[in-house]
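In: Mind looking at a prediction? Sequence and model below.
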Amino acid sequence: MEIDIHAKSFAGRPVLGPIRLTLGQGQRVAILGPSGIGKTTFLRIVAGLDEDFEGTVTEIGRTTVVFQEPTLLPWRTALENITLPAGVTAEVARALMAEVGLAGKDALYPRQLSLGQQRRLALARAFAPAPSTLLMDEPFASLDAETAGRMLDLTAALLDRAGASLIFVTHDPAEAAHLKAQPMTLRGSPATLS
Ligand SMILES: Nc1ncnc2c1ncn2[C@@H]1O[C@H](COP(=O)(O)OP(=O)(O)OP(=O)(O)O)[C@@H](O)[C@H]1O
């Protein structure tokens, strides 16, 4: 993936850029920086969710996103929350659910799952379409340290198996280290990456 953001502004106020980043296959990068510096804005641009910027993002293969909130479909079962958006068979979805510790929960609705289980379901969904790149925006914020640690281990294992690369937004350098992601920091105004 080639990221080349010349400039990003909100209402005439420059927020980001210039930022250049090339992400090789399987490479993991953590985007660190203080609150309000532009981490989420950067990730939204890379994800294609914000097209109002100067520059280009060139993606090779499929990219999926994991947000802080699980963003599940409340009126669909756990299994359908993977099969529908990812376009995979129930068999593929079940295998992934088992991998994230949700075996047998196929028919439950998101409201019947704990928040931790919902987050694991969101993680399984992100890996279902065999992405070449995963984008994660503080996916483990507000979890207790032990749960966050387990989620980081799970993420690392799934990334290894998929051979996928990662851009991981966090304010916590320890999370970056846990994932063996190369730390890069957004700083300045407008923010650049170093
Ligand atoms: N839709 C928007 N309209 C106007 N300004 C925005 C918008 N989204 C973000 N901003 C501003 O852009 C800057 C960067 O915000 P962003 O959410 O990317 O920061 P962040 O580093 O992700 O912060 P945090 O760690 O608190 O989530 C902030 O000053 C924010 O107020």
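Out: Yep, that arrived.

In: Could you list the buried residues of whichever helix in the chain runs longest?
Out: Ordering each helix of the chain by length in residues (DSSP state H) puts helix 145-162 first. The neighbour-count check on helix 145-162 (16 or more other C-beta atoms under 10 Å) flags 148, 151-152, 154-156, 158-159, 162 as buried. For the C-beta atoms, the positions are set from N, CA and C on the backbone; glycine is no exception.

In: what packs against that helix?
Out: Using 3 or more C-beta pairs under 8 Å, 6 or more residues apart in numbering; DSSP states H and E as the contact test, the elements touching helix 145-162 are helix 115-127, helix 173-178.

In: of the buried residues of helix 145-162, closest to Met136?
Out: Nearest to Met136 among those is Thr155, at 7.6 Å by C-beta to C-beta.

In: what residues are up against the closest one?
Out: By C-beta atoms under 8 Å, 6 or more residues apart in numbering, the contact list for Thr155 reads 123, 136, 139, 179.

In: so what's the third one closest to, chain neighbours aside?
Out: Translated: Pro139. Of all residues not flanking Pro139 in the chain, Val66 sits nearest, at 4.7 Å (C-beta to C-beta, 6 or more residues apart in numbering).

In: how close does the one you found sit to the ligand?
Out: 15 Å (C-beta to the nearest ligand atom, to the nearest Å).

In: wait, doesn't that residue sit right on Met136?
Out: Yes - counting by C-beta atoms under 8 Å, Val66 does reach Met136; the two are 4.5 Å apart.

In: Between these two, which is the more surrounded one?
Out: The neighbour count for Val66 versus Met136, taken as other C-beta atoms under 10 Å, is higher for Met136 (25 against 22).

In: Pull up the pairing partners for the one helix or strand the more buried one maps to, direction included.
Out: Element membership for Met136 (DSSP states H and E) is strand 133-137. When sheet partners are counted by DSSP bridges, strand 133-137 sits next to strand 63-66 (parallel), strand 165-169 (parallel).

In: Rebuild the ones you listed as CSV, extending it with mean pLDDT.
Out: Output for those, formatted as CSV (pLDDT from 0 to 100):
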stretch, mean pLDDT
strand 63-66, 95
strand 165-169, 97
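
In: Now distance to Ser132 too, for those, in JSON lines please.
Out: Formatted as JSON lines, the strands paired with strand 133-137 follow (distance: least, C-beta to C-beta, whole Å):
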{"stretch": "strand 63-66", "distance to Ser132": "7"}
{"stretch": "strand 165-169", "distance to Ser132": "7"}
